[in-house]
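1. Pasting the sequence and the predicted coordinates here, then a few questions.
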Amino acid sequence: MNGFRLFKEKCQKIYGQQDYWMVPIFRSCLAFLIFFSLTRHFSMVGKLAHPIFLLFFSLISFFLPFSTLPILLGVILMSYFYQQSLLLLIVSGGIFLFLFLLQSSIRGKYAILIALMPFCFLLKIHYFLPIFVGLTMGFTAFLPLALGCFLYFFLSFIQQNEKLFTASADLTEQLESLTKTLLPFFKDKEMILVLVLFSAVVVTVYLLRNGSFQYSWHIAVTVGLVMEALLWILYPLLSLKMNFLISIIAYFISALLSVFTLFFFHDVDYRGTKFLQMEDDDYYYFVKAVPKNKGEHFPSSD
């Protein structure tokens, strides 16, 4: 544990000195991984799937904020949908416009989650992101995370119904088939369950970690993991299919990542808690001070 704290402090020191370059490089690498994973997920071919093309879009993100990653991803996806059929372009364009309008209600804040949530689903660490968001971001972050969940299920819907959107098919037949399948998609019980539960996890974890009681972050992570484990009960109750082996593995990997996040961002020593009182001409101040665990305060294991 002491070694981990020393490692954390070294990382924080390096980040404080080199964040001007590290953040854009990290953003570009993350963008490339997101673009690459989604193109492979859709089995895209041609220029859109070429690594040079994806690298070019990733390099663009080097100069732009995190909130633009979903826009770049949307450009890639819309280009792919245009190759498939005009109907798919129109439908997806309407969905993306809907996501943009909802996200704009919080002025683009945390928009990266719209692209990051599908990426986490593909990596099978989707249980981790709601807890991470609740621990490190603001209350309104639940909205872009929910939109990211919706985007993942929408893209999965397109993948499963790819034959409906072939460019060679008759447009009238496409519209008839789409009407029969698109409306049930919006009523998909699995999508609604995951979207609501993950949003509730973000809000719950956020509220608990901001509590003034001791071990608030520890309790927040524990409660968040327990809430996510409810999926194993709710899926059978709603007659939904689930690969329990993959789900359990994903859950435990996400739990380990959540614990790592907990100690990396909030490693405190509650035994040294102090209650301080101060005053000025207008107010009395009652302060609760909890010291951080510092690696250098502990003897080396060597």
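-> Thanks, I have it.
2. How about the helix or strand encompassing residue 226, which residues are buried there?
-> Here residue 226 is covered by helix 216-229, with elements defined by DSSP states H and E. Under the neighbour-count criterion of 16 or more other C-beta atoms under 10 Å, helix 216-229 has 216-218, 220-225, 227-228 buried. Heads up, the C-betas are built off the backbone N, CA and C, glycines and all.
3. Residue 213 belongs to a helix?
-> No: counting by DSSP: H, G, I helix; E, B strand; the rest coil, residue 213 is not found in a helix; it is coil.
4. Just give the nearest non-adjacent residue to it, would you?
-> Sequence neighbours aside, residue 219 is the residue nearest to residue 213 in space, at 7.8 Å (criterion: C-beta to C-beta, 6 or more residues apart in numbering).
5. picking up where we left off before, what's the helix holding residue 226 packed up against?
-> helix 128-136, helix 189-209, helix 244-265 (3 or more C-beta pairs under 8 Å, 6 or more residues apart in numbering; DSSP states H and E).
6. CA-only coordinates of it in PDB, if you can.
-> Taking C-alpha atoms only, helix 216-229 is exported to PDB below (Å, rounded to 0.1, in the frame of the first residue of the first chain):
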ATOM      1  CA  SER A 216     -18.300   8.400   2.400                       C
ATOM      2  CA  TRP A 217     -16.300   7.400  -0.700                       C
ATOM      3  CA  HIS A 218     -16.000   3.800   0.500                       C
ATOM      4  CA  ILE A 219     -19.700   3.600   1.100                       C
ATOM      5  CA  ALA A 220     -20.400   5.200  -2.200                       C
ATOM      6  CA  VAL A 221     -18.400   2.500  -4.100                       C
ATOM      7  CA  THR A 222     -19.900  -0.300  -2.100                       C
ATOM      8  CA  VAL A 223     -23.500   0.900  -2.600                       C
ATOM      9  CA  GLY A 224     -22.800   1.500  -6.400                       C
ATOM     10  CA  LEU A 225     -21.500  -2.100  -6.800                       C
ATOM     11  CA  VAL A 226     -24.500  -3.500  -4.900                       C
ATOM     12  CA  MET A 227     -26.900  -1.600  -7.100                       C
ATOM     13  CA  GLU A 228     -25.200  -2.800 -10.300                       C
ATOM     14  CA  ALA A 229     -25.400  -6.400  -9.000                       C
END
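7. what's the following helix or strand after that helix?
-> Taking DSSP H and E, what comes next after helix 216-229 is helix 231-237.
8. Okay, buried residues for that next one please.
-> 231, 234-235.
9. picking that back up, and among the helices and strands packed on helix 216-229, the most buried is which?
-> When the helices and strands packed on helix 216-229 are scored by mean count of other C-beta atoms under 10 Å, the highest mean neighbour count falls to helix 128-136 (a mean of 26).
10. before we move on, the earlier item: can you tell me which of the buried residues of helix 216-229 is nearest residue 38?
-> Comparing those against residue 38 with C-beta to C-beta places residue 228 closest, at 23.7 Å.
11. can you put the buried residues of helix 231-237 in CSV and add distance to residue 17?
-> Formatted as CSV, the buried residues of helix 231-237 follow (distance: C-beta to C-beta, whole Å):
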residue, distance to residue 17
231, 42
234, 47
235, 47
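12. Could you export those as CSV, including pLDDT and distance to residue 275?
-> Formatted as CSV, those follow (pLDDT from 0 to 100; distance: C-beta to C-beta, whole Å):
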residue, pLDDT, distance to residue 275
231, 92, 40
234, 93, 42
235, 92, 46
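13. Out of the residues you listed, which comes closest to residue 285?
-> So of these, ranked by how close each gets to residue 285 (C-beta to C-beta), first place is residue 231, at 43.8 Å.
14. Can you give me every residue that contacts that closest one?
-> 193-194, 197, 242, 247 (C-beta atoms under 8 Å, 6 or more residues apart in numbering).
15. and the gap between it and residue 152?
-> 15 Å (C-beta to C-beta, to the nearest Å).
16. same deal with residue 279?
-> 53 Å.
17. And the helices in this structure?
-> 2-41, 51-60, 69-84, 86-103, 112-123, 128-136, 142-160, 171-186, 189-209, 216-229, 231-237, 244-265 (DSSP state H).
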